[in-house]
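Asker: just need the structure, nothing else, for what follows:
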Amino acid sequence: MASAKRHIISKHLFIVLATGLISCGVSDEIKQYAATETYPNDTKLESVTEKKALIVVAHDDDMCAMSGTMSKLNNNGWEIGIVSFSQTPERDNAQIQACKNILDTVIFVQLKPEEIRNDNENSKPRYSAFPKANFNTVFNIKTIEKNYLEIIRNFNPAVIFTLDNEIGAYGHPEHVLISQMVLDWAEKKIIHPQYIYQSVYTPHMQESIMQRHSERMKSWGYPSDEWEKAKKTYDIQGLPMPDVQINITSEAEQKMAYLRSYNERERKTIGFYVPEFEKYPAEKYFAVFDREFYRVFSYQK
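Answerer: Modelled structure (predicted):
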């Protein structure tokens, strides 16, 4: 009896130890893509009295790297909206469902592809970078500006969140256009946010994640040099450096639910830049990817 009991205890301890080792392996596997750098913790958002923020992006899934912050602010009483170009009815509905637990309002700019761009017959993917000098001929900028500006003015946010205006996260020209447009309006006082927060990755994150992405694309038989081409096209070394970080571990479940709420196609795209997020529990994953990073522009008087 004692021997059997010892066997059961030993078996139980083995399972516990094995589970612990597997957990360590999981963390080690994804830890290589997490930030190794540390930046000042954000304090500006705490000082905002009118707690109203608008995410201004080109596409529904462009807010992935800031979704933990949105959940955190929303739980602290902020009114939050997001505006992006409309996609298909199915995809727009998926966006509404994905956002329902982390923000309040989902708004779509209802423009057809040919109303956004003049190069729709081009064989290159829409995400391929091209020089900013060509934006005026490729994009129908006045039409885009009219639609976005009306929404921003009606929402009247104290804080605007966007992607960066230099490389648009990974080179997508539509990302760059929308972020630059918002920045220009704020500089010219056409809109009046107190702050603009641009979602960025740290140098280690962008290097490791984009290297992983390039290797995967090559193994699938696709061009693997889009990131390097984008940096050359925009004549920059990579994403802008972060000014602040925001800890989002308290929002692990909400952020993971948001990421997993998308349709399969969008989840695959998200998985390029949020590595292996579907493989692990929220608590474990966001114990590693525990912060979101921003470059901040201030328009305080």
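Asker: is Val176 in contact with Tyr170, as I believe?
Answerer: No. Val176 lies out of contact with Tyr170 (Cβ atoms under 8 Å); the separation is 10.5 Å. C-betas here are computed from N, CA, C, even on glycine.
Asker: list the residues that contact Lys188.
Answerer: By Cβ atoms under 8 Å, 6 or more residues apart in numbering, the contact set of Lys188 is empty.
Asker: same check, this time on the one 10 residues further on
Answerer: For Gln198, the contacting residues are Phe161, Thr162, Leu163, Asp164, Asn165, Ser179, Pro240, Tyr294, Arg295, Val296, Phe297, by Cβ under 8 Å, 6+ apart.
Asker: mind running it again at 6 Å?
Answerer: When contacts are counted by Cβ atoms under 6 Å, 6 or more residues apart in numbering, Gln198 touches Thr162, Asp164, Arg295.
Asker: before we move on, back to that, neighbour-wise, which of Val176 and Tyr170 wins?
Answerer: Using other Cβ atoms under 10 Å, the more surrounded residue of Val176 and Tyr170 is Val176, with 25 against 22.
Asker: how about the helix or strand hosting Ile107: buried residues?
Answerer: Here Ile107, judged by DSSP states H and E, is contained in strand 105-109. If you call a residue buried by 16 or more other Cβ atoms under 10 Å, then strand 105-109 has these buried ones: Val106, Ile107, Phe108, Val109.
Asker: what's the pLDDT at the nearest residue to Glu50 once chain neighbours are set aside?
Answerer: Excluding its sequence neighbours, the residue lying closest to Glu50 (Cβ to Cβ, 6 or more residues apart in numbering) is Ala158, at 4.5 Å. You'll see Ala158 listed with a pLDDT of 98.
Asker: near Ala158, how many other residues are there?
Answerer: 18.
Asker: how about the one 3 residues further on?
Answerer: For Phe161, the number of neighbouring residues by other Cβ under 10 Å comes to 26.
Asker: CA atoms of the host helix or strand of it as PDB?
Answerer: In this assignment (DSSP H and E), Phe161 forms part of strand 159-163. In PDB, the C-alpha atoms belonging to strand 159-163 read as follows (Å, rounded to 0.1, in the frame of the first residue of the first chain):
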ATOM      1  CA  VAL A 159      -6.000  61.300 -27.700                       C
ATOM      2  CA  ILE A 160      -5.500  59.700 -31.100                       C
ATOM      3  CA  PHE A 161      -3.800  56.400 -31.500                       C
ATOM      4  CA  THR A 162      -2.200  55.500 -34.900                       C
ATOM      5  CA  LEU A 163       0.600  53.500 -36.400                       C
END
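Asker: contacts for it next, please.
Answerer: 53-56, 62, 66, 169, 175, 179, 182, 193, 195-199.
Asker: all strands of the stretch 201-301 of the chain, in order?
Answerer: Counting by DSSP state E, counting those that start in this stretch, the segments of the stretch 201-301 of the chain that form strands are 244-247, 291-298.
Asker: which of the ones you listed is buried the deepest?
Answerer: Neighbour counts (mean count of other Cβ atoms under 10 Å) averaged over each of the strands of the stretch 201-301 of the chain peak at strand 291-298, with a mean of 20.
Asker: partners of it in the sheet?
Answerer: strand 195-200 (antiparallel), strand 244-247 (antiparallel) (DSSP bridges).
Asker: next, the angle strand 159-163 makes with it.
Answerer: If you take axes from the mean of the first three to the mean of the last three Cα atoms, to 10 degrees, strand 291-298 sits at 120 degrees to strand 159-163.
Asker: rewinding a little: to Met210, which of the strands paired with strand 291-298 lies closest?
Answerer: Among the strands paired with strand 291-298, strand 195-200 comes nearest to Met210, with 13.0 Å by Cβ to Cβ.
Asker: distance between that closest one and the chain's centre?
Answerer: Centroid separation between strand 195-200 and its chain, computed with Cα atoms, centre = their mean, to the nearest Å, is 11 Å.
Asker: nearest to Lys124 among the contacts of strand 159-163?
Answerer: Of all the contacts of strand 159-163, His175 has the smallest distance to Lys124: 15.8 Å, by Cβ to Cβ.
Asker: okay, that closest one: pLDDT?
Answerer: The per-residue pLDDT reported for His175 equals 98.
Asker: identify the residue spatially nearest to it, adjacent ones excluded.
Answerer: Computed as Cβ to Cβ, 6+ apart, the closest residue to His175 that is not its neighbour in sequence is Gly168, at 2.7 Å.
Asker: just checking, that neighbour touches Val176?
Answerer: Yes. Here Gly168 lies in contact with Val176, judged by Cβ atoms under 6 Å, at a distance of 4.0 Å.
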